[in-house]
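[1] Quick one, what's the 3D model for this:
(one chain, ligands or ions: 1)
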Amino acid sequence: MSATRYGYLGPEGTFTQMALLSWAASHGGEQVPFGSVDSALDALRRSEIDAAMVPIENSVEGGVSATLDALASGDPLVVIGEVNVPITFVLAARAGMPLEEIRAVGTHSHAWAQVRGWMDARLPGAAYVPTLSTAAAAAGLAGDVEQGYDAAVCAPVAAANHGLTVLADDIGDRAGAVTRFVLVARPGALPERTGADKTTVMLFQRDDRAGGLLELLEQFAVRGINMTRLESRPTKSTLGSYCFSIDFEGHVLDERVGEALMGLKRVCAEVRFLGSYPREDGAQTEVAPLTGDEDFSAARNWLHSLRRP
Ligand SMILES: O=C(O)C(=O)Cc1ccccc1
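    Numbering: from 1, shown residues only. From the prediction side, this is the model:
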């Protein structure tokens, strides 16, 4: 059998590759870099790769819109695993470039958002040049083509890969920043239920009315399901029209999760199931009293007995 082909937001030296390396340490496989989240997910949809590692949320900057939006439309994809990576940024430049001469800095938008305080204090007025990833910014500095920036914010490994000089270490504004990455695949066999699982969905409301969001959230609340992420994203059809990207504890094979999904299916215009997968931290889902599989089965058996006395 050929090795699993994993795509990732590249080039080599991105934080996404670190997430993939940590996954591959226990799962093996071949790594294929892509220039953007969209191109990796498109290649996955075309079956050119078997899975793709992409960033989804960050403890400082929040959700990664490119990923949330790419999962919200197009042929269905599902999350099959997650990896959390602690993030440390360096400021890197070509040898000989003094800090005080830096006028423009290239990096990924999520990296820039996490070093803004440092930049305001140490390089006030430096322009921000967006790049598709932190490692792409580092690679750009090392190449022959003028990039329009003289320093990159990237991982230490990306600076080292390209022979850049590190002008400042650990420049993130918040110590302990973590980014969560997800491994995405085409729908297939569900990852096993472990008791320490998460499920991701994208919900599209039927109509805009008072209590509409509450109606969605109730589906979780009454079944004792704890949400771990909730974000609204524009549906892109009209101004003011939103869909909701939600992660919650539990697996689609859990009875309470199945019941909640049925409730959502009933009240939403569309429920996009984006996968059930083991949580990286292994934290067991706390099952609230009267929301275990046995409680739902007992209630269902009771109903059956009423219908078929
Ligand atoms: O650009 C990268 O290295 C990425 O993997 C995306 C990213 C950027 C900033 C923080 C976390 C992930």
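[2] Kindly export the helix or strand hosting Val115 (C-alpha atoms) in PDB.
    Per DSSP states H and E, Val115 falls inside helix 109-122. What follows is helix 109-122, C-alpha atoms only, in PDB (Å, rounded to 0.1, in the frame of the first residue of the first chain):
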ATOM      1  CA  SER A 109      -1.900  37.800   8.800                       C
ATOM      2  CA  HIS A 110      -2.300  35.700  11.900                       C
ATOM      3  CA  ALA A 111       1.300  36.100  12.800                       C
ATOM      4  CA  TRP A 112       1.100  39.800  12.300                       C
ATOM      5  CA  ALA A 113      -1.900  40.000  14.600                       C
ATOM      6  CA  GLN A 114       0.100  38.400  17.300                       C
ATOM      7  CA  VAL A 115       3.200  40.600  17.200                       C
ATOM      8  CA  ARG A 116       1.600  44.000  16.600                       C
ATOM      9  CA  GLY A 117       2.400  45.200  20.200                       C
ATOM     10  CA  TRP A 118       6.100  44.300  19.700                       C
ATOM     11  CA  MET A 119       6.100  46.000  16.300                       C
ATOM     12  CA  ASP A 120       4.500  49.200  17.700                       C
ATOM     13  CA  ALA A 121       7.100  49.300  20.500                       C
ATOM     14  CA  ARG A 122      10.300  48.300  18.500                       C
END
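[3] rounded to a whole number, what's the mean pLDDT of it?
    Averaged over helix 109-122, pLDDT sits at 97.
[4] Tell me the helix or strand right after that helix.
    Sequence order places strand 127-130 as the next helix or strand after helix 109-122, per DSSP H and E.
[5] what helices or strands is the helix or strand following that following strand leaning on?
    Per DSSP H and E, the first helix or strand lying C-terminal to strand 127-130 is helix 134-142. Under the contact criterion of 3 or more C-beta pairs under 8 Å, 6 or more residues apart in numbering; DSSP states H and E, helix 134-142 touches strand 90-93, strand 104-107, strand 151-154, helix 156-161. Every residue, glycine included, has its C-beta placed from N, CA and C.
[6] Direction included, what does the second one pair up with?
    Paired strands of strand 104-107, with direction, are strand 127-130 (parallel), strand 151-154 (parallel) (DSSP bridges).
[7] closest to the ligand out of these?
    Taking C-beta to the nearest ligand atom, strand 151-154 is the member of the strands paired with strand 104-107 nearest to the ligand, at 6.9 Å.
[8] Give me the distance from that closest one to the chain's centre.
    Offset of strand 151-154 from its chain centre (C-alpha atoms, centre = their mean, to the nearest Å): 22 Å.
[9] That strand and the ligand in contact?
    No: judged by C-beta under 6 Å from any ligand atom, strand 151-154 and the ligand are separated, with a smallest distance of 6.9 Å.
[10] sec struct for Gly163, please.
    The three-state assignment at Gly163 reads coil, by DSSP: H, G, I helix; E, B strand; the rest coil.
[11] I'd like to know how far the nearest residue to it once chain neighbours are set aside sits from Leu68.
    What sits nearest to Gly163 in space, not counting adjacent residues and going by C-beta to C-beta, 6 or more residues apart in numbering, is Ala142, at 6.5 Å. Distance, Ala142 to Leu68, by C-beta to C-beta, to the nearest Å: 32 Å.
[12] which of the two has more neighbours?
    The residue with more neighbours, out of Ala142 and Leu68, is Leu68; 21 against 16, by other C-beta atoms under 10 Å.
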